[in-house]
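>>> What shape does this take:
(3 chains)
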Amino acid sequence: MSGQIALGLPVAAVLFAIGLAGVLVRRNVVVVLMSIEVMLNAGGLAFVTAGARWGLPDGQVAMLFVLAVAAAEVSVGLALVLRVRDAFDTLDTDEVSRMRG
Amino acid sequence: MIAAFYAAAAVAVLSTLLMVTRPSVVHALLYLIVSLLGTAVMFLALGAPFLAALEVIIYAGAVMVLFVFVVMMLNLGPSSSHADWLSPRAWAGPALLAAVLGIELLWILASAGPPSEGVRAIAPARVAESLFGTYLIAVELGSMLLAAGILGAYHLGRRETGRARR
Amino acid sequence: MLPLTWAIPALPLAGFAVLGLAGRRLTPRAVAWVGAGSVAAAFALAAAVAAAFLAAPPAGGAFSQTLWTWWTVGGLAAHVSLRLDPLSLVFVLVVTFVGSLVLLYSTEYMEGDPDYSRFFAWMDLFAGSMLVLVLAADFLLLYLGWEAVGLCSYLLIGFWYRDCANGRAAMKAFVVTRVGDVALLVGILLLFTQLGTLGIQSAMSRAVDAWPTGAAVASVAAALVLGGAVGKSAQLPLQVWLPDAMAGPTPVSALIHAATMVTAGVYLIARTGALFAIAPGVRLAVAVIGALTLLIAGFSALAQSDIKKVAAYSTVSQLGYMFVALGVGAASAAVFHMFTHAFFKALIFLGAGAVIKAMDEDRDMFHMGGLKDRMPLTFWTFTIGCASLAALPLVTAGFYSKDLILFESFASPYGDVWLWLAGLVGSVLTALYASRMVLLTFFGPLKREPSGLPGPRMAVPMVTLAVLAVVAGFVQVPGYLGGKPLFTGLVGAGLPARSSPLVGAALASAIAGVLVLAGIASAYWLYEPGRPALDRLVATPWGAALHRAFLAGFGFDAAYEAVFVRPYRRLAELDRGDFVDPAYRAAGRLAAWCGGALDGLETGRVRNYAFGIGIGVVVVLAVVMLR
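Here you go, the predicted model:
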């Protein structure tokens, strides 16, 4: 097994872990969203690596869907960020901890 | 070739770490872009050139532009002065890492041929066949998801004029 | 046509489903169409099925249809299966026909009620449940219909639930009939454990094979079934609920008394006749209960002032006749009386309803009077109904059916001259109170102007029933008048084939007829408004005591109150501080404590929730990998 395939999955795991840490540690909504992007990306990398290992196109197809999901998620997520900013005047996720009606 | 993958992986991990630890949103964003570019180079090394291109165009391009746009709208910089933002200390790191990636890219392109033994390059045509054959329904669902995303973003992003802002 | 039998109960139940789910969104017109139309459609279908049945009787004299198997556990298989034989056919026709007329009447009677659709939903459920009951081929399905009928009577007696008295009457009906229902359930379970089947027919044939006549287990089973029948049919000692059941709207009373509910007990005993045949002691008890009930209820009816209560006691009394017939082994005579009784009793209630509506829900007969010229249609139909109830000789349906019962009560091999005498006294009483109703309501000086006359939708059912209250008896003209026993020939098994002594039968009928005429004459002498005879009678100490006893229905209510209700209440008071409540309160406190303990997890912070998700993923991964 060649190097990039042997290394692809560990790299994906590391990136995913860093992204998760970002989600858990950072309080800025925008950075949280960016960390989620990293996690999605890491998942996609794992798919592509596995696809390369088996020589099948399915891994890349999965990454394409990850792209589509990420695009939709980011557009809605950022719109929400704007609304949160409007309503609470802050981007700190810990401040936004009350639900009303 | 394998060295290129190692280097790209190192750049991606490093820049992601930096992204998570930067206090400024703008700086984090710069490192995120580098991280995505690193992933794109890894794709190239894994024999997925089409995906590498898409990663750059859609992820590092379109999606990140959205982020930049929002950051600008929210005016999230440490201060309003542009000088602070774009001080050499801020852009030197991302630029250096991006340069590393650029060199790798050129190197891979120059040493044309199969990416590496054991890795079978998968031509975009095969991906397309699979995408519009086996996964056709998933593609349709994906398009619906995007449409829903557009509508949702439009609805949420609209400022309600009748409502008093706090 | 026969395979469509399942649709006969299904139609009213579908009407119930439509009204129950969407009744509030329908216009009153649509509600009336669905409510009355579904039962009317069931009648049309039942008539077609009956025509097919009579034209070509199926093998064995009965048509069976298994719809599906409810459940199977071990050797116990509960089938949802129907059985159509002449007995159930008669009941199905009566229930659907009288039911659709009563519902047609209700469309006008209940007009303007805020709960119009609720009323029709429950009436449809009522009719549908009764059809399930009489068509069931299986004790379990019969019990389902049995309980559903009880539930509907509860819901409809308490229909105007804003008045607490109505709610109490509904609860009384429910609880009192429940006593009988439990007996029936135990009886069904006893039959199942002893005979190993829930099918009614198979249980009957196995019982006859397995048990000799007079076997103790057969007597116990028959007594338990009798308990159920006594509860539903309001016989001694469980008759107390029926007079109170008058709290419901008048069409409900018409349906309960004529077609559904109270006839269920008669049906049950007729259906399980084989069981009673091998338990002679219990069969005799049926006749004695019937005779006592018809006397007690007849006397009670004499003193009531509420027009509906008179009618209610008259129902109890007529059901007593049916029980006498069942007790002497003449089930077909009982069913024949049920058949004619359904018409004239529904007619009496519908007529009473028209009067009550005109009196703005005042039911006291002493507030009425002189309505003869103001409400001529109601007067004539009501009078025909009362004449049929009183068994006016030769011209009314009630005469032929009651005559058959009286004849059987001494001529049957199990008959007894005492039963016959009780029946004769009862028929004098019936003539007295039936005439009293007519005299007090329609004769004498006008005391109150009626506030409205029945419209066409109330008049048509009344006229139809009035015609039937006269002609329904002609399907069974006694032999001494040259008739043929068409009805009992159809319903069959109850009457052993034998030639009845024509002269004796004619003599017995003549005696009964003369007594009825005497009863009507003395009613005129006693009750015609303005005559002092009754007042003088009541003024004597004995008369006053009797009047009080009659009015209170011989004090059964007071006795039950003292013996059962009050000690039970006292016991409940004493038991207030037992362990049950603290146990449930402890469960509540435990839940509250757990909630408080877990409250800290609900921070509202996205990061904490994401952390929880991450921990979960790690745990799942660890489990998968370390497995």
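
>>> which bits of chain A sit near chain C?
A:20, A:23, A:24, A:25, A:27, A:32, A:93, A:94, A:96, A:97, A:98, A:99 (CB under 8 Å from any CB of the partner chain). Using the backbone N, CA and C atoms, a C-beta is placed for each residue, glycine as well.

>>> burial of the closest residue to chain B within the stretch 101-250 of chain C, as a residue count?
Residue of the stretch 101-250 of chain C nearest chain B, by CB to the nearest CB: residue C:114 (39.9 Å). Residue C:114 sits with 6 neighbouring residues when counted by other CB atoms under 10 Å in any protein chain shown.

>>> Need the per-residue pLDDT for it.
Looking at residue C:114, its pLDDT stands at 83.

>>> check contacts around it.
Residues near residue C:114 by CB atoms under 8 Å, 6 or more residues apart in numbering or on different chains: none.

>>> Over to residue C:275?
C:204, C:207, C:218, C:221, C:222, C:225.

>>> mind listing which of those are in helices?
Using DSSP state H, the members of those that fall in helices are C:204, C:207, C:218, C:221, C:222, C:225.

>>> before we move on, the earlier item: mind checking the SS state of the residue of the stretch 101-250 of chain C closest to chain B?
When classified by DSSP: H, G, I helix; E, B strand; the rest coil, residue C:114 comes out as coil.

>>> got the phi/psi numbers for it?
Main-chain dihedrals, residue C:114, degrees, to the nearest 10: phi -60, psi -20.

>>> With chain A as the reference, measure out to it.
In this view, residue C:114 and chain A are 34 Å apart by CB to the nearest CB, to the nearest Å.

>>> Same check on residue C:292?
Distance of residue C:292 to chain A, given as CB to the nearest CB: 68 Å.

>>> which strand in chain C runs the most residues?
strand C:63-73 (DSSP state E).

>>> which other residues reach it?
C:2-3, C:5-6, C:53, C:77-85, C:137, C:140-141.

>>> In contact with residue B:56, which residues?
So residue B:56 contacts B:36, B:37, B:40 (CB under 8 Å, 6+ apart).

>>> residue contacts, residue C:513?
The contact partners of residue C:513, by CB under 8 Å, 6+ apart, come to C:393, C:394, C:399.

>>> Identify the spatial nearest neighbour of the residue of chain A found nearest chain C, chain neighbours not counted.
For chain A and chain C, the shortest gap (CB to the nearest CB) falls at residue A:97, measuring 3.2 Å. Excluding the flanking residues, the one nearest residue A:97 by CB to CB, 6 or more residues apart in numbering or on different chains is residue C:604, at 3.2 Å.

>>> Please apply the same query to residue C:219.
Nearest one to residue C:219, counting by CB to CB, 6+ apart, is residue C:279 at 4.3 Å.

>>> For residue C:511, see how far away the residue lying closest to residue C:179 once chain neighbours are set aside is.
Distances taken as CB to CB, 6+ apart put residue C:231 closest to residue C:179, at 5.7 Å, once the chain neighbours are dropped. From residue C:231 across to residue C:511, the span is 34 Å (CB to CB, to the nearest Å).

>>> now residue C:287
Applying CB to CB, the value for residue C:287 to residue C:511 is 20 Å.

>>> With neighbour numbers in mind, choose between the two.
residue C:287 (25 against 14).

>>> Work out the gap between stretch B:23-42 and the centre of the chain.
Counting by CA atoms, centre = their mean, to the nearest Å, stretch B:23-42 is centred 7 Å from the centre of its parent chain.

>>> Whether that stretch contacts chain A - can you check?
Yes: for stretch B:23-42 and chain A, the contact criterion (CB under 8 Å from any CB) is met by B:25, B:28, B:29, B:32, B:35, B:36, B:39, B:42.

>>> Narrow those residues to those that are buried.
Buried by 16 or more other CB atoms under 10 Å in any protein chain shown: B:25, B:28, B:29, B:32, B:35, B:36, B:39, B:42, out of the residues of stretch B:23-42 next to chain A.

>>> where's the dip in pLDDT among the contacts of residue C:513?
Comparing the contacts of residue C:513 by pLDDT, residue C:394 comes last, at 77.
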